[in-house]
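**Q** here is my input, please return the structure:
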Amino acid sequence: MARIFTGDSSPSNQDGSGPVLVGDLWYDTRGAVLKMAVSLGPPLTWATTARRQPGWIDVRDYGAVGDGAANDTTAIQAAITAAGLRNAALGIPGATVYLPPGIYRLEGTGSELILVQQQVSIVGDGPVVSVLLARATVPATTDVLRLAPPLGANLSGTQLRNFGISSESPAAGRDGIVVDATVQGLSKVLYERLMVSVVSGRGFRLVNPTLNDGWYLATLRDCRFAGGIALQRAGDSILIDHCNCTGRGIGVEASFVSGASAAVLTRNNISSHGPALRITRGALVSITENTFETVSDGNYPAEPVVDLLGDPEMAFCPMVARNSINAAGVPGTDAIHLDYVLNGYIGPNVIAMQGAGRGIVTTPHTAKLTIDREAISWLGTGIPIADVSGRAMTYARANV
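**A** Numbers count the residues shown, from 1 in each chain. The predicted structure is shown next:
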């Protein structure tokens, strides 16, 4: 059983002057920052925890054990349902379900193990200490956590923070976290300090087949997603910041609704066997200060590390600057590929190539592209710029 202590493990004082025990959480009523020692078997892990806030719904109050052995699926689902009912009873949104330190084993089949359909946030004490663990018997057609608002429901303003998702087998579970906007959109959401590992599919997936306002004003920050990120028809103001994506296939794959703007990918580390980044439909997209890398295990063809594929029906205006783009891991791989790009900008980047790989490749559908050629650092062998657009490119500070 995980225990969390402040400076000592003495019993709490009833006068409120000393540490107070809430379940397995000790906290100082004077507001001191906590340290936690979590013993879930060696090694011992130290981390900082945010205290449980008044009104948070603790999954242990609904029967969750968190010992890595008991089936906690029903208890966690009951806590989420209770949070939604409390919202309705009090007429106020925004209940939070709390995952104290522990390993919460999940079992089941169907489309998902845990379903959120109310305006409920889920918060843990850290991605390595508050963990949802899918049992090895969970089929590869079952997602671990799904957010799917029904028609008329409001999940806007909700958060997922400070917990992890994993499984006992790489073949267990499909996607780690799924936001399903098939029938109802959501916005103003924050997903922060999450770690999804050991799932057979994506770490994070947005499903939005038709809605123009399915998912917008959304932030993914300080997360690690094994299996990467897949966004279908994202909207305005999407921020992916300081995330680590690894795995097979495509690291981050995104499409945006017509007219979407202010999508920002910054300070991420993305490594995959296929393209590290592929945008198949976009508008105003800023791609800065990232590290992109394609590595090979012999099972994937050489594809561009950063693949920007616009749409003939909408202008695609990407800015790609201050990134490290490594295409040398797979000889012959191109670093940046652009198609249907209008008014794009390729600024200072570090680009590594090998063999017949090309640094920047355009197509006949690309126009009004500015390349700051002198500011780009070219490493290795290969062709720096392959302009097959048939139209004049603008090279800032230098001509070809």
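
**Q** show me where this structure has helices.
**A** In the chain, the helices defined using DSSP state H lie at 73-90.

**Q** by contact count, what packs against the longest strand seen in the chain?
**A** Scanning the chain for the strand with the most residues, using DSSP state E, yields strand 186-196. Applying 3 or more C-beta pairs under 8 Å, 6 or more residues apart in numbering; DSSP states H and E, one finds that strand 186-196 makes contact with strand 159-167, strand 177-180, strand 204-207, strand 215-221, strand 224-226. For every residue, glycine as well, the C-beta is placed using N, CA and C.

**Q** the longest one packs against which elements?
**A** For strand 159-167, the contact count by 3+ C-beta pairs under 8 Å, 6+ apart identifies strand 120-124, strand 130-134, strand 143-147, strand 186-196 as packing neighbours.

**Q** rebuild the ones you listed as CSV, extending it with distance to residue 261.
**A** Shown next, in CSV, are the helices and strands packed on strand 159-167 (distance: least, C-beta to C-beta, whole Å):
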stretch, distance to residue 261
strand 120-124, 27
strand 130-134, 34
strand 143-147, 24
strand 186-196, 15
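
**Q** let me have those in TSV, adding mean neighbour count and distance to residue 84 as columns.
**A** Output for these, formatted as TSV (neighbours: other C-beta atoms under 10 Å; distance: least, C-beta to C-beta, whole Å):
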stretch	mean neighbour count	distance to residue 84
strand 120-124	24	6
strand 130-134	26	19
strand 143-147	25	12
strand 186-196	21	14
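
**Q** these into TSV, with extra columns for distance to residue 328 and mean pLDDT?
**A** Shown next, in TSV, are the helices and strands packed on strand 159-167 (distance: least, C-beta to C-beta, whole Å; pLDDT from 0 to 100):
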stretch	distance to residue 328	mean pLDDT
strand 120-124	38	96
strand 130-134	36	97
strand 143-147	35	98
strand 186-196	28	96
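
**Q** just confirm residue 290 contacts residue 270, I think it does.
**A** Yes - the pair residue 290 / residue 270 is scored as a contact, 6.6 Å apart, by C-beta atoms under 8 Å.

**Q** and the angle from the longest strand of the chain to strand 159-167?
**A** With axes from the mean of the first three to the mean of the last three C-alpha atoms, to 10 degrees applied, the angle from strand 186-196 to strand 159-167 works out at 40 degrees.

**Q** ok, residues contacting strand 186-196?
**A** 126-128, 144, 147, 149, 154-166, 176-177, 179, 203-204, 213-227, 235 (C-beta atoms under 8 Å, 6 or more residues apart in numbering).

**Q** so in that sheet, which strands flank that strand, and in what orientation?
**A** If you go by DSSP bridges, strand 186-196 pairs up with strand 159-167 (parallel), strand 215-221 (parallel), strand 224-226 (parallel).
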